[in-house]
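>>> okay, here's the prediction I keep looking at, along with the sequence it came from:
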Amino acid sequence: AGDPDDGRGSATGAPGAVDVTVSDRGVEGRIDGDRVVVGHRSLFPGSEWSLPDRLVRAGAEAESTGHVPVYVGWNGVVRGVLAVGDEVRDEWEELVEELDARGKRVVVLTGDSLAAARRFENHPAIDEVFAEVPPEAKAETVRRIGATERVAMVGDGSNDAPALAAADLGISIASGTDLAADAADAVLLEDRLSAIPELFDVTAGTNRRLKENLGWAFVYNGVAIPLAITGALNPLLAALAMGASSLLVVSNSARPVVDTD
């Protein structure tokens, strides 16, 4: 357990490692007596650590390509830098172009750096890009947009869960985290972005079918009830008409909601 006031935690247990401290910037501990730090560059103040110029250049190069540099050092010397980043899905361009063709406004929300998000900024099908957005700010952005528009949010990470829950329609992907799936309204069982427009087609078709059935029910009752009240409708005919109406609604509901040809 860690100090709740500073957001840091510590643990012991692994042989040769004691006093492990975890923060939002990285991890620090001792391995076989050596002080080891892994994380953001701010964890390596110049007064305590030696940071070679080649690693500074490597970190800057990682940032310029949209990756996050993670520094590794022990005993007062930074020994290496790891470039960490997300792989963009191959189908993303086809997806945003399809959504744009349908008249949808496309907004990219990412916790990645501005450099990583730059690839989306100049795409003609993308309207806005928000980078370096923490999970709480993602949810707030979704709520702000949702004040004037209906919002569908697509995400697969735990950090996307608050935004998925805040959207009018939260969509998670089967390969995503359990937290994202729990927060979403719909989970795509196939790990492909092209299923998202298909989901919109299914929901639109289902909504249209519901309106058709409700419309028929209102018309039937609007005609049959006044006739029954005035005695102009024979009870036997009313029963047959009710059965025929129910059969029509069930048959209409059983039809595919989208064209599969």
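Great, that's in hand.

>>> what about the closest residue to residue 75 other than its chain neighbours, distance to residue 186?
Spatial nearest neighbour of residue 75, chain neighbours left out: residue 34 (5.4 Å); criterion: CB to CB, 6 or more residues apart in numbering. Using the backbone N, CA and C atoms, a C-beta is placed for each residue, glycine as well. Using CB to CB, to the nearest Å, one gets 49 Å for the distance from residue 34 to residue 186.

>>> one more: residue 143?
19 Å.

>>> ok, the two, which is more surrounded?
residue 186 (17 against 14; other CB atoms under 10 Å).

>>> what pLDDT does the model give that one?
Listed pLDDT for residue 186 reads 91.

>>> grab the nearest non-local neighbour of it.
In space, residue 186 is closest to residue 171, 5.2 Å off (CB to CB, 6+ apart).

>>> so the residue nearest to residue 75 versus residue 255, what's the distance?
69 Å.

>>> so what's the closest residue to residue 135 other than its chain neighbours up against?
Once flanking residues are discounted, residue 135 sits nearest to residue 159: 4.4 Å by CB to CB, 6+ apart. Applying CB atoms under 8 Å, 6 or more residues apart in numbering to residue 159 gives the contacts 111, 134, 135, 138.

>>> please apply the same query to residue 200.
102, 152 are the contacts of residue 200 under CB under 8 Å, 6+ apart.

>>> please, which helix or strand holds it?
helix 195-230 (DSSP states H and E).

>>> just the buried residues of that helix, please?
195, 196, 197, 200, 203, 209, 220, 224, 228 (16 or more other CB atoms under 10 Å).

>>> returning to that earlier point: next, the residue nearest to residue 186: phi, psi?
phi -120, psi 120 (degrees, to the nearest 10).

>>> beta partners for it?
Applying DSSP bridges to residue 171 gives these bridge partners: residue 154, residue 186.

>>> what about the residue nearest to residue 97 when sequence neighbours are not counted, which helix or strand?
Spatial nearest neighbour of residue 97, excluding adjacent residues (CB to CB, 6+ apart): residue 125 at 4.9 Å. Element membership for residue 125, per DSSP H and E: none, as it lies in no helix or strand.

>>> residue 125: neighbour count?
Neighbour tally, residue 125, other CB under 10 Å: 16.

>>> quick one on the thing from earlier: wait, which of the buried residues of helix 195-230 is closest to residue 75?
residue 196 (49.9 Å; CB to CB).

>>> show me the contacts for the closest one.
95, 99, 154, 171, 188.

>>> likewise for residue 163?
109, 135, 138, 139, 141, 142, 153, 155, 170 are the contacts of residue 163 under CB under 8 Å, 6+ apart.

>>> counting neighbours, which of these comes out on top?
residue 153 leads the contacts of residue 163 on contacts (other CB under 10 Å) with 27 neighbours.

>>> can you show me the helices along the chain?
Per DSSP state H, the chain carries helices over the ranges 53-64, 92-101, 114-121, 135-146, 161-166, 178-183, 195-230, 235-254.

>>> now those as a markdown table including mean pLDDT and distance to residue 29?
As requested, the helices of the chain are exported to a markdown table (pLDDT from 0 to 100; distance: least, CB to CB, whole Å):
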| stretch | mean pLDDT | distance to residue 29 |
| --- | --- | --- |
| helix 53-64 | 88 | 21 |
| helix 92-101 | 92 | 38 |
| helix 114-121 | 80 | 29 |
| helix 135-146 | 91 | 26 |
| helix 161-166 | 92 | 29 |
| helix 178-183 | 89 | 27 |
| helix 195-230 | 88 | 42 |
| helix 235-254 | 85 | 60 |
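
>>> I'm done for today, thanks for sticking with me.
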